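1. Quick one, structure for this:
(4 chains)
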There are 2 protein chains.
Amino acid sequence: MRKITIEDVAKAAGVSRALVSIAYRGVAGVSESTRDHIFEVGKRLGYVPNLNAARLASKDIRTVGVFLQDLHNEVFADVFDGIRQVIDETEIQIVLAVGSSAPGHDSKALDTLIAARVGVIIAAGLTMADSDLKRYAKRTKIVSVTRKLEGVSSVVADDYAGAMLATKHLLAMGHTRIAFLANPQTDGYLDRQRGYLDAMSGAGVAPIVQPSSYVRMEAEVDAATLLKAEKPTAVFAHNDLSALGVLDAVLSAGLRPGADVAVVGYDNTSLSQTPVLALTTVDPHSHDLGREAAKLALELLGADVSPKTVVLEPQLIVRASSTKSLETKSGRPEGRPLI
Amino acid sequence: MRKITIEDVAKAAGVSRALVSIAYRGVAGVSESTRDHIFEVGKRLGYVPNLNAARLASKDIRTVGVFLQDLHNEVFADVFDGIRQVIDETEIQIVLAVGSSAPGHDSKALDTLIAARVGVIIAAGLTMADSDLKRYAKRTKIVSVTRKLEGVSSVVADDYAGAMLATKHLLAMGHTRIAFLANPQTDGYLDRQRGYLDAMSGAGVAPIVQPSSYVRMEAEVDAATLLKAEKPTAVFAHNDLSALGVLDAVLSAGLRPGADVAVVGYDNTSLSQTPVLALTTVDPHSHDLGREAAKLALELLGADVSPKTVVLEPQLIVRASSTKSLETKSGRPEGRPLI
DNA sequence: TTGTAGGCGTTATCAT
DNA sequence: ATGATAACGCCTACAA
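-> Sure thing, here's the model as predicted:
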């Protein structure tokens, strides 16, 4: 089955290749009648434009590249939904590249996007070093999502403020032994930790920081260590996935989440929204981050806009996992306790 | 900053374009010394091969397209990991396209892949009609994952057997009022329901089927309806995400999962593995499905292999959510009860 | 091992 | 509104 090309359609429709191209791109320059005719012929022949040829020939790129750090973390699915919602309203195409929980995978993914000659890259969750990211930004237009860097257009939630909210919530609940389960210190995401530290010192309470990772199982182990060594009455995890690990550790220790140990996550993934887990968390509005990033990317695509940063206000979502008074079994509007 | 091309590298290195091409493709035909020299020059100039041009020019495609139904369902992340593990060992590129929980999105995604002229498509979780899928299979080489269809190469777990295992497990636990929370009847995935039905009729027990969807929130509502109307002592959900909804509904009804109502899911996503949820489920070995699919795709890429079907044996994973005897608070090897 | 030249399927510029 | 014709950057025989 030979691939049919624009020429086949042109010949069959009795017009030039140029007209077929114009018709399929949806730009002005064809009469309605011939356009309809071209489409009819094209459909009959089963013509599908060759994107490779199109991208090679076209000057102004009609493609945005999207990088997502990890498909196992639903945050990135939320971000992607936002991106797609905006992009789908245009004629622009998306090329997707994904990393993994392993570091170093992200520069490989960016390389793929660059090799595809996308007009702009929306990168969500980069963990490469600042210097590397800046080097990439020099070669290509980049919109960084969730990761802020001077000189690079970025769309972020105010993680510092979000972490403040979460920590202050725990302080207000009367906790004094509040631990922070941290992400790797080298990944460029330290605002949550800073917010926690400043909220703690602002209240004159000693901080407890337990280093951990992005993997739930490791978070569980680290949380178990933490519980045994520090006996905190509250744990604030750097994201929802890790918070799940904390819940596990709390249960394993024979304690009751929400009652004996308050647990707070970050991201407001659908996981935390589940009544079974009822995880108190901070909502960075991931979907909106994606939307904003896409809008910014579209601007970038058109012209050379100077770097811009969009910051969204996070929101604290209080659920049963951090609410001691909720330890009874009675029904409640915002979720249910675990125990 | 003008994009630098293969010609720039050739000129700077004092060789022909062909040699540079050969060098970068990693095929035989260059002396080691000149290859090193070419790479050195290329790196200095910041040369990145243009994939669009490469794909346009090359006869034998070095690209596989991957379609994933829904980024919000971790099963597809597992499948993708398996695919990538195999593909990453080759020089072959992956082009990714994703659908959504909304139907009809998948044919659009496949179109993108076809437009990118990938050599073969690995499609995980297609929900289009059989007839549509067959039509696509006529135009392009397709490996269907999780969805089996005659005449199309596919890699699947034996869902019928898996559902049998799950249902028989519940029967063995002494349940007689076992309900099945079903996926949409139009999506091409009915084996799980068939397995359930046959296991039930085999035991001479009346089945209870509650239609539902892929969205957790809807599953929760449907499960609530089910609990009230049928008062089942066990619910087998078509996948883990829906099972989570069932857990929610059970708790909302003031019942205890595992003790009052046994809950079983399907997929063995990391969600179900979490001790907090401790969800009994069926493991379709998603990662292996991805691996097998990738291997098959690589074969297809090389030659015109006739359609082949790979079937993996699923495995029942028993956890606390379906084990009545686990309703105490004592420690246990496989997870912990919810209550 | 190295170089030459034609072609891949579009887009874009310039006429008409 | 339509058509002719260079690019676009790379691959691939083929020749040397």
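2. end to end, how far does stretch A:115-125 reach?
-> One end of stretch A:115-125 to the other measures 20 Å (Cα to Cα, to the nearest Å).
3. Quick one: check that stretch for contact with DNA strand C.
-> No: on the criterion Cβ under 7 Å from any atom of the strand, stretch A:115-125 is out of touch with DNA strand C, staying 11.5 Å away. The C-beta positions use only the backbone N, C-alpha and C, and glycine is treated the same way.
4. Kindly report the same for stretch A:296-315.
-> No: Stretch A:296-315 does not reach DNA strand C (Cβ under 7 Å from any atom of the strand); its nearest approach is 12.7 Å.
5. Output that stretch as CSV, restricted to C-alpha atoms.
-> Only the C-alpha atoms of stretch A:296-315 are listed here, as CSV (Å, rounded to 0.1, in the frame of the first residue of the first chain):
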residue,chain,number,x,y,z
LEU,A,296,2.7,31.6,27.2
ALA,A,297,4.1,29.1,24.8
LEU,A,298,1.7,30.3,22.1
GLU,A,299,3.0,33.9,22.6
LEU,A,300,6.6,32.7,22.4
LEU,A,301,5.8,30.9,19.2
GLY,A,302,4.6,34.0,17.6
ALA,A,303,7.3,36.4,18.5
ASP,A,304,10.4,36.8,20.6
VAL,A,305,8.9,37.7,23.9
SER,A,306,11.2,38.4,26.8
PRO,A,307,11.1,35.9,29.7
LYS,A,308,8.1,36.2,31.8
THR,A,309,7.0,34.5,35.0
VAL,A,310,3.5,33.6,36.0
VAL,A,311,2.9,32.8,39.6
LEU,A,312,-0.4,31.2,40.8
GLU,A,313,-1.6,31.3,44.4
PRO,A,314,-1.8,27.9,46.0
GLN,A,315,-4.7,26.9,48.2
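6. all strands for chain A, in order.
-> A:63-68, A:93-98, A:120-124, A:142-145, A:153-157, A:178-182, A:208-211, A:234-237, A:262-264, A:281-283, A:309-312, A:315-317 (DSSP state E).
7. can you redo the ones you listed as JSON lines with mean neighbour count, mean pLDDT and distance to residue B:108?
-> Listed next are these as JSON lines, based on neighbours: other Cβ atoms under 10 Å in any protein chain shown; pLDDT from 0 to 100; distance: least, Cβ to Cβ, whole Å:
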{"stretch": "strand A:63-68", "mean neighbour count": "26", "mean pLDDT": "97", "distance to residue B:108": "16"}
{"stretch": "strand A:93-98", "mean neighbour count": "23", "mean pLDDT": "96", "distance to residue B:108": "11"}
{"stretch": "strand A:120-124", "mean neighbour count": "28", "mean pLDDT": "97", "distance to residue B:108": "20"}
{"stretch": "strand A:142-145", "mean neighbour count": "29", "mean pLDDT": "97", "distance to residue B:108": "24"}
{"stretch": "strand A:153-157", "mean neighbour count": "25", "mean pLDDT": "97", "distance to residue B:108": "26"}
{"stretch": "strand A:178-182", "mean neighbour count": "26", "mean pLDDT": "98", "distance to residue B:108": "40"}
{"stretch": "strand A:208-211", "mean neighbour count": "17", "mean pLDDT": "97", "distance to residue B:108": "43"}
{"stretch": "strand A:234-237", "mean neighbour count": "31", "mean pLDDT": "98", "distance to residue B:108": "37"}
{"stretch": "strand A:262-264", "mean neighbour count": "29", "mean pLDDT": "97", "distance to residue B:108": "39"}
{"stretch": "strand A:281-283", "mean neighbour count": "27", "mean pLDDT": "98", "distance to residue B:108": "30"}
{"stretch": "strand A:309-312", "mean neighbour count": "16", "mean pLDDT": "97", "distance to residue B:108": "29"}
{"stretch": "strand A:315-317", "mean neighbour count": "18", "mean pLDDT": "97", "distance to residue B:108": "33"}
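8. burial count for residue A:194?
-> Applying other Cβ atoms under 10 Å in any protein chain shown, we find 13 other residues in the vicinity of residue A:194.
9. State the distance from the residue nearest the centre of chain A to residue B:197.
-> Taking Cα atoms, centre = their mean as the criterion, residue A:76 is the residue nearest the geometric centre of chain A, at 3.6 Å. To residue B:197, residue A:76 is 37 Å away according to Cβ to Cβ, to the nearest Å.
10. Up against DNA strand D, what does chain A have?
-> Residues of chain A lying near DNA strand D by Cβ under 7 Å from any atom of the strand: A:14-19, A:22, A:28-31, A:33-34, A:53, A:56-57.
11. So which of the residues you listed reach DNA strand C?
-> A:17-18, A:53, A:56-57.
12. Contacting chain B as well, which ones from those?
-> A:53, A:56 (Cβ under 8 Å from any Cβ of the partner chain).
13. Quick one: residues contacting residue A:296.
-> A:143, A:153, A:155, A:308, A:310 (Cβ atoms under 8 Å, 6 or more residues apart in numbering or on different chains).
14. related to what we said a few turns ago, are any of the residues of chain A next to DNA strand D buried, and if so which?
-> By neighbour count, with 16 or more other Cβ atoms under 10 Å in any protein chain shown, the residues of chain A next to DNA strand D hold A:15, A:19, A:22, A:30, A:34, A:53, A:56 as buried.
15. Thank you, goodbye.
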